[in-house]
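Peer 1: Please find the sequence and the predicted model below.
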Amino acid sequence: MSGNLLIAQSGGPTAVINSSVCGIIDEAKQSGKIRGIYGAINGILGVLNEQITDLRQEEPSTLSNLRKTPSAALGSCRYKLNDNDYSRVMEVFQAHGISFFLYAGGNDSMDTARKVADLAAERKLDLKVMGVPKTIDNDLLATDHSPGYGSVARFNAIAVRDAGLDTQAMYTSDVVKVIETMGRDTGWVTASTALGRDGEDSAPHLIYLPERPFRTADFLADVKAVYDRLKRVVVCVCEGLKDENGEFVRASKTAIDTDKFGHAQAVGVGDYLVGLISENLRVKARCDRPGTIQRVSMAHASQIDLAEAYKVGQVAISNAIQGESGKMVTLMRKGTDPYECETGLVDLEKVALKTRMVPNEFINKSSNFVSDAFLRYARPLIGGPLPEYAHLKKQTLQRVLGAWSR
């Protein structure tokens, strides 16, 4: 099968989604079966608005550099197709002779890809649709992990380790630090902060995920216990932390902060917890929030993540050329020590709009940290060891009979 290829990106950008695009382009060129290689500007919105760019017109060096460029070079969107959009999508595809449509994104994006694939099959159109996995949230079903996760995990592991050293240095005045990470529905990103811990007393000391209900009394007791022992505490929390009723501990109530898929934006949980600590424990607390920087930091990108993102792009287009459609590429772990992973395929309907939560065995019994099983799972994904830091013994001198000794 041959024809024109259209690539689009959707959802939150990552450090490695452009590497997937590069993998698609390189494999398409090498196949000799793809004529035009196009990109939709801002995801499916680019299709609806017929904003299509010819990627063959880009310099080869520019396309090659996509492998080390963060964010979403084609632009992204969060848009849910409505019933009136589908005919327009097919009209644009036919106008540009599109035979292959590859959509890179998370579970909402896979739903868009599924609907386009189903419509093409229903209308008996010569169109192959493939999903290219991408999400820092690591919440796609049917795959061991998602491209984008290893890099955000590496970023947060280093960032929290560094923030912990800051608190350790300043604990005489800055006692408690609450670090709020991304994660609307799941705690995969927050859990990754544990990967930076290099000692029993090192940060983070406490981790709270939305997979377990947040209980104020337990939280305050946990913070107090660490403070009583160390006189300092670093707490990592997910922005999507939920209470015992399954409601966000803190979320925006305004319509402007709700996307087209009906997802409310979780905001302010870190500041809320700082208030709880200050009011109830009477110690100084502050909130750090890396925000969107964590998902696109190329300085902390995992080399394994970059390589796997490139690979899923290659596999997606090669399978489409062979006639596959309505599938998403998966990553299947074959070993952890040493780490080994290969690719597979899954039907889009098994992934679309579904969420993979952090499993119980990855969370400790006290619901305030991750388990060793999680650390074994996640450590290979961050692409090698973290920087090794020095920890002084800080043995103080004692004055004895007018002389100094240790």
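Peer 2: Perfect, thanks for sending it.
Peer 1: Quick check: residue 240 touching residue 185?
Peer 2: Yes - between residue 240 and residue 185 there is a contact under C-beta atoms under 8 Å: 5.6 Å. (Glycine included, C-beta is placed from N, CA and C.)
Peer 1: More neighbours: which of those two?
Peer 2: More neighbours surround residue 240 than the other of residue 240 and residue 185, with 27 against 19 (other C-beta atoms under 10 Å).
Peer 1: what's the overlap in contacts for residue 240 and residue 185?
Peer 2: Common neighbours of residue 240 and residue 185, counting by C-beta atoms under 8 Å, 6 or more residues apart in numbering, are residue 210.
Peer 1: I'd like the distance between residue 106 and residue 58.
Peer 2: From residue 106 across to residue 58, the span is 26 Å (C-beta to C-beta, to the nearest Å).
Peer 1: what about these two, which has more around it?
Peer 2: Per other C-beta under 10 Å, whichever of residue 106 and residue 58 has more neighbours is residue 106, with 25 against 16.
Peer 1: For the more buried one, give its distance to residue 371.
Peer 2: 25 Å.
Peer 1: can you check residue 192 too?
Peer 2: Counting by C-beta to C-beta - residue 192 and residue 371 are separated by 13 Å.
Peer 1: The two: which has the busier surroundings?
Peer 2: Each of residue 192 and residue 371 has its neighbours counted (other C-beta under 10 Å); residue 192 has more, 32 against 17.
Peer 1: Confirm the more buried one sits in a helix?
Peer 2: Yes - Residue 192: assigned to a helix according to DSSP: H, G, I helix; E, B strand; the rest coil.
Peer 1: In space, what's closest to it - neighbours in sequence excluded?
Peer 2: residue 153 (3.5 Å; C-beta to C-beta, 6 or more residues apart in numbering).
Peer 1: isn't residue 98 right up against residue 7?
Peer 2: No - look at residue 98 against residue 7 with C-beta under 8 Å: they stay out of range, at 10.4 Å.
Peer 1: any shared contact partners between these two?
Peer 2: residue 38.
Peer 1: So for the helix or strand residue 91 falls within, mean pLDDT?
Peer 2: Element membership for residue 91 (DSSP states H and E) is helix 86-95. What helix 86-95 shows for mean pLDDT is 96.
Peer 1: got it, and stretch 12-21?
Peer 2: Stretch 12-21 comes out at a mean pLDDT of 98.
Peer 1: Please apply the same query to stretch 343-362.
Peer 2: Stretch 343-362 comes out at a mean pLDDT of 98.
Peer 1: So what does residue 340 have for phi and psi?
Peer 2: Phi and psi for residue 340, reported as degrees, to the nearest 10, are phi -150, psi 140.
Peer 1: Give the bridge partners for the nearest residue to residue 144 once chain neighbours are set aside, please.
Peer 2: Counting by C-beta to C-beta, 6+ apart, residue 144 lies nearest to residue 333, which is 4.3 Å off, once chain neighbours are set aside. Applying DSSP bridges to residue 333 gives these bridge partners: residue 341.
Peer 1: so residue 333 touches residue 340, yeah?
Peer 2: Yes - here residue 333 lies in contact with residue 340, judged by C-beta under 8 Å, at a distance of 7.2 Å.
Peer 1: Which other helices and strands does the helix or strand where residue 155 lies contact?
Peer 2: Using DSSP H and E, residue 155 falls within helix 149-170. Helix 149-170 sits against strand 176-181, helix 188-191, strand 233-238, helix 293-296, helix 303-321, with contacts defined as 3 or more C-beta pairs under 8 Å, 6 or more residues apart in numbering; DSSP states H and E.
Peer 1: how big is the angle separating that helix from helix 303-321?
Peer 2: Going by axes from the mean of the first three to the mean of the last three C-alpha atoms, to 10 degrees, helix 149-170 is angled at 160 degrees with respect to helix 303-321.
Peer 1: What's the mean pLDDT across helix 149-170?
Peer 2: 98.
Peer 1: In the protein, where is pLDDT below threshold?
Peer 2: For the chain, applying pLDDT under 70 flags the ranges 1, 251-266, 401-406.
Peer 1: and it, what are its domains?
Peer 2: Using automatic domain parsing, the domains assigned to the chain come out as 3-135+143-147+300-350, 149-298+357-382.
Peer 1: For those, could you give me CSV that also reports distance to residue 389?
Peer 2: Shown next, in CSV, are those (distance: least, C-beta to C-beta, whole Å):
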stretch, distance to residue 389
domain 3-135+143-147+300-350, 15
domain 149-298+357-382, 7
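Peer 1: Of the ones you listed, which is nearest residue 395?
Peer 2: Residue 395 lies closest to domain 149-298+357-382 among the domains of the chain, at 16.1 Å (C-beta to C-beta).
Peer 1: how far does that closest one sit from the chain's center?
Peer 2: The chain centroid and the centroid of domain 149-298+357-382 are separated by 15 Å, computed with C-alpha atoms, centre = their mean, to the nearest Å.
Peer 1: go on, stretch 295-304?
Peer 2: So, by C-alpha atoms, centre = their mean, the centroid of stretch 295-304 is 11 Å from its chain's centroid.
Peer 1: For that stretch, list every residue counted as buried.
Peer 2: 295-297, 300-302, 304 (16 or more other C-beta atoms under 10 Å).
Peer 1: CA atoms only: put that stretch into PDB for me.
Peer 2: Provided in PDB are the C-alpha atoms of stretch 295-304 (Å, rounded to 0.1, in the frame of the first residue of the first chain):
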ATOM      1  CA  ARG A 295       6.800  17.600  31.000                       C
ATOM      2  CA  VAL A 296       9.100  19.200  28.400                       C
ATOM      3  CA  SER A 297      12.500  19.500  30.000                       C
ATOM      4  CA  MET A 298      15.000  18.200  27.400                       C
ATOM      5  CA  ALA A 299      17.900  18.800  29.900                       C
ATOM      6  CA  HIS A 300      16.500  15.900  31.900                       C
ATOM      7  CA  ALA A 301      15.200  13.700  29.100                       C
ATOM      8  CA  SER A 302      15.700  10.000  29.500                       C
ATOM      9  CA  GLN A 303      17.800   8.400  26.700                       C
ATOM     10  CA  ILE A 304      15.700   5.300  26.900                       C
END
